[in-house]
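1. Need the 3D shape of this:
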Amino acid sequence: MSSSDVFAASAIERRAVADLVEGLDQSQLGTASLCAGWDVRTVAAHLASAVIPSKGTFLVAALRAGGNLHRANEAVARDVARQPVVDIVRALRCHADSRFAPPVVGPRGPLTDVLVHAGDMRAPLGLHHQPAAAHVQIGLDFVTGGRPVGFVPRGRLRGLRLAPDDLDWRWGEGAVLTGRGIDLLMAACGRAAVLAQLDGPGLVLLRRRMGVGSGR
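-> Numbering: from 1, shown residues only. The predicted structure is shown next:
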């Protein structure tokens, strides 16, 4: 897909997150997400903060964090999470068409971020997560090629062959790992909770690398 197609896919997924968050009650918003240390509201706030036009807030947070981008990202997400939910939803909708592409990861990084974080919110709430197949394939292409800095640690997928059962897409050589494309994407990005949805001889290897027991 072209960059324009990727940006369009990101816009669709951001609006879907806005629709999701708008329909949640306070208990659901306060539910722990799959993103360690963040509840559903904070995950939504993170996605909103990523598309707000001014990056001044993040730069200030980065300076305060001594240049630690992870800590800066955490601070900004928690700050935005203090805003009314209606404002978080509005930001996601109004800026869904943002064409900001971070250095190194490019436009596919933000799309992958939305896809994975949407799953982080939906899974603990027992809500089905099935993004468009074309969007998931972009995410899989991103995490298995190029430089998915901040998404997949070096070596996590080495020796694995990813074979989603709902996509005409294959990657890698080695022990086969099967399952839905979105679950493979989330597992690649470190979400151990979805490992139970995967199968194949590659599962043992991935569990070991993620420090997770057999689960079976």
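
2. Can you give me the domain boundaries for this protein?
-> The chain breaks down into these structural domains: 3-110, 133-209 (assignment by automatic domain parsing).

3. Quick one: distance of the last one to the chain centre.
-> Meaning domain 133-209. Distance of domain 133-209 from its chain centroid, counting by Cα atoms, centre = their mean, to the nearest Å, is 13 Å.

4. End to end on it, go ahead and measure it.
-> End-to-end distance for domain 133-209: 27 Å, by Cα to Cα, to the nearest Å.

5. Let's test this: mean pLDDT of it, rounded?
-> Taken as a whole, domain 133-209 has an average pLDDT of 96.

6. ditto for stretch 94-103
-> Mean pLDDT, computed over stretch 94-103, is 93.

7. which parts of it are buried?
-> The neighbour-count check on stretch 94-103 (16 or more other Cβ atoms under 10 Å) flags 95, 96, 98, 101 as buried. Bear in mind the C-beta positions are built from the backbone N, C-alpha and C, glycine included.

8. so what's the backbone phi/psi at the last one?
-> The one in question is residue 101. phi -120, psi 110 (degrees, to the nearest 10).

9. That one touches residue 3, doesn't it?
-> Yes. Counting by Cβ atoms under 8 Å, residue 101 touches residue 3, with 7.5 Å between them.

10. Which members of the buried residues of stretch 94-103 define the maximum pairwise distance?
-> 96 and 101 (15.0 Å; Cβ to Cβ).

11. and for residue 101 and residue 3, which residues touch both?
-> Common neighbours of residue 101 and residue 3, using Cβ atoms under 8 Å, 6 or more residues apart in numbering, are residue 107.

12. Could you export the domains of the chain as TSV, including distance to residue 119?
-> Formatted as TSV, the domains of the chain follow (distance: least, Cβ to Cβ, whole Å):
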stretch	distance to residue 119
domain 3-110	7
domain 133-209	5
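
13. Identify whichever of those domains lies nearest to residue 121.
-> domain 3-110 (4.7 Å).

14. Quick one: end-to-end distance for that closest one.
-> End-to-end distance for domain 3-110: 12 Å, by Cα to Cα.

15. which residues in the chain form helices?
-> For the chain, the helices defined by DSSP state H occupy 3-22, 26-29, 40-49, 56-64, 69-81, 85-94, 108-122, 133-144, 181-188, 202-209.
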